[in-house]
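>>> okay, predicted coordinates and the sequence, questions at the end:
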Amino acid sequence: MKTIFSGIQPSGILTLGNYLGAMKHFVPLQDEFNCFYCIVDQHAITVPQDPAVLRENIRRLAALYLAVGLDPEKVTLFIQSEVPAHAKLGWIMLCTSYLGELERMTQFKDKSDGRGESIPGGLLAYPPLMAADILLYDTDFVPVGEDQKQHLELTRDLANRFNSRYSEVFKIPEIRLPETGARIMSLQDGTKKMSKSDSNVGGFISMLDDPDTITKKIKRAQTDSDSAVRYDKAEKPAVSNLMTIYSLCSGKSLDEIGAMYEGKGYGAFKGDLAEVVVETLRPIQERYNQLIQTSELDDILTKGAEKASETANKVLLRVEKAMGMARLG
Ligand code: TYM
């Protein structure tokens, strides 16, 4: 059976972009693959986090993973910091990296911009830790949104570099991007990624927003100068983004949606879109509200960390042996 690995940062409540670009796709994969899904708290601490908020966000993310339909009997759900092999291999992958390639990562450039001398070292070490996450499980495929593409390419480069320096230790993973929705854009700026760290809360829909908030955000969403509901990414990025969201939440094709709203303008389209998004999130929110109260979550995470450690420790030992670190015997 082929292996899937993916991770999400517990750095705030997930957005509709996280859901449509990544999480939604995790669910059908559980029936076909050996899936490891991780709460990457060590990635979250590359920028300062309030301890109480981080603890809460880890728990919330675990509940959301299950609420979207992941079955803990089928997948391994765990917290990164509870499997020490991640930090250990993260260090080794950092030692396999070159400063130049790390400084070229666009996410590093964006996040370090304007920080002068005070750029946290963790931001630079972030991609090698992500490479470690993936390589520890002999992963075949990594389902992620488009913003992670460069990190995946680096992971493959580091794995190949290590294999040619020592021996064929790592399996080379492949990225799995969704056909549509790999990059959901901000509701306030059709050229900017929807992000949970956006200071303008009108730019994103949180997976836990209530129906009123969702409706208001969609009604206020940016549109383009003419009033046609037409998919044209270059000329009409804002409306094209809303149509993509509509399509992913309803299962209707972009052509069908275009035909449905021909000559109707943005008002009717936005009203229906709000309804479609509310109905997509409603069952997830209901399950989330039940799960967040239970101790079942802790049991699942404890078992998940044990199961993940079994695989990760084996691969780590293989790596350390190849490098001359583990004592033989
Ligand atoms: P994170 O936590 O920022 O995002 C989690 C997942 O959501 C996707 N995503 C989006 N997809 C479409 N449109 C958007 N606007 C959007 N915003 C986010 C991301 O691509 C991602 O798939 N570095 C990773 C976490 C990570 C990881 C890993 C992922 C750590 N180790 C190993 C895969 C494998 C991150 O920060 O994702």
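Right, received. Where do you want to start?
>>> from Arg183, how far out is the residue of the stretch 101-250 of the chain found nearest the ligand?
Minimum separation of the stretch 101-250 of the chain from the ligand (CB to the nearest ligand atom) falls at Gly145, amounting to 2.4 Å. Just so you know, the C-beta spots here come from the backbone N, C-alpha and C atoms, and that holds for glycine as well. Using CB to CB, to the nearest Å, Gly145 is found at 6 Å from Arg183.
>>> which helices and strands does whatever helix or strand Ile257 lives in pack with?
Following DSSP states H and E, one finds Ile257 within helix 254-260. If contacts are counted by 3 or more CB pairs under 8 Å, 6 or more residues apart in numbering; DSSP states H and E, helix 254-260 sits against helix 237-250.
>>> just to revisit the earlier point, residues contacting the residue of the stretch 101-250 of the chain closest to the ligand?
Gly145 is in contact with 17-18, 21-22, 177-178, 181-184, counting by CB atoms under 8 Å, 6 or more residues apart in numbering.
>>> could you report the neighbour count for Arg287?
By the criterion of other CB atoms under 10 Å, Arg287 has 16 neighbours.
>>> please name the nearest non-neighbouring residue to it.
Leaving aside its sequence neighbours, Arg287 sits nearest to Ala67 (CB to CB, 6 or more residues apart in numbering; 4.0 Å).
>>> my guess is the one you found meets Ile284, correct?
Yes: Ala67 lies in contact with Ile284 (CB atoms under 8 Å); the separation is 4.9 Å.
>>> these two: which has the busier surroundings?
Ala67 (23 against 19).
>>> following the worst-scoring helix or strand of the chain on mean pLDDT, which helix or strand shows up next?
Every helix and strand in the chain was compared by mean pLDDT, DSSP states H and E; the lowest is helix 106-112, with a mean of 93. Counting by DSSP H and E, the next helix or strand C-terminal to helix 106-112 is helix 121-135.
>>> may I see the buried residues of that next one?
Of all the residues in helix 121-135, those buried under the rule 16 or more other CB atoms under 10 Å are 123-135.
>>> kindly report the same for stretch 263-274.
266, 269-270, 272-274.
>>> what is the host helix or strand of Ala159 packed up against?
Following DSSP H and E, one finds Ala159 within helix 149-165. Packing contacts for helix 149-165, counted by 3+ CB pairs under 8 Å, 6+ apart, involve helix 85-96, helix 106-112, helix 121-135.
>>> any idea of the mean pLDDT in the helix or strand that that helix is followed by?
Per DSSP H and E, the first helix or strand lying C-terminal to helix 149-165 is strand 174-176. The average pLDDT within strand 174-176 is 98.
>>> parallel or antiparallel, list what pairs with strand 174-176.
Its sheet considered, strand 174-176 pairs with strand 141-143 (parallel) by DSSP bridges.
>>> contacts for the strand it pairs with?
With contact meaning CB under 8 Å, 6+ apart, strand 141-143 is reached by 2-6, 22, 25-26, 29, 33, 134, 148, 152, 155, 173-178.
>>> name the nearest residue to the closest residue to the ligand within the chain, sequence neighbours excluded.
The ligand sits closest to Gly21 of the chain, with a gap of 2.0 Å, by CB to the nearest ligand atom. Excluding the flanking residues, the one nearest Gly21 by CB to CB, 6+ apart is Gly145, at 3.3 Å.
>>> next one: phi and psi at that neighbour?
With angles defined as degrees, to the nearest 10, Gly145 sits at phi -80, psi 170.
>>> quick check: it vs Lys109, distance?
Distance from Gly145 to Lys109, by CB to CB: 18 Å.
>>> before we move on, what about Leu129?
Distance of Leu129 to Lys109, given as CB to CB: 18 Å.
>>> likewise Gly324?
Separation of Gly324 from Lys109 (CB to CB): 35 Å.
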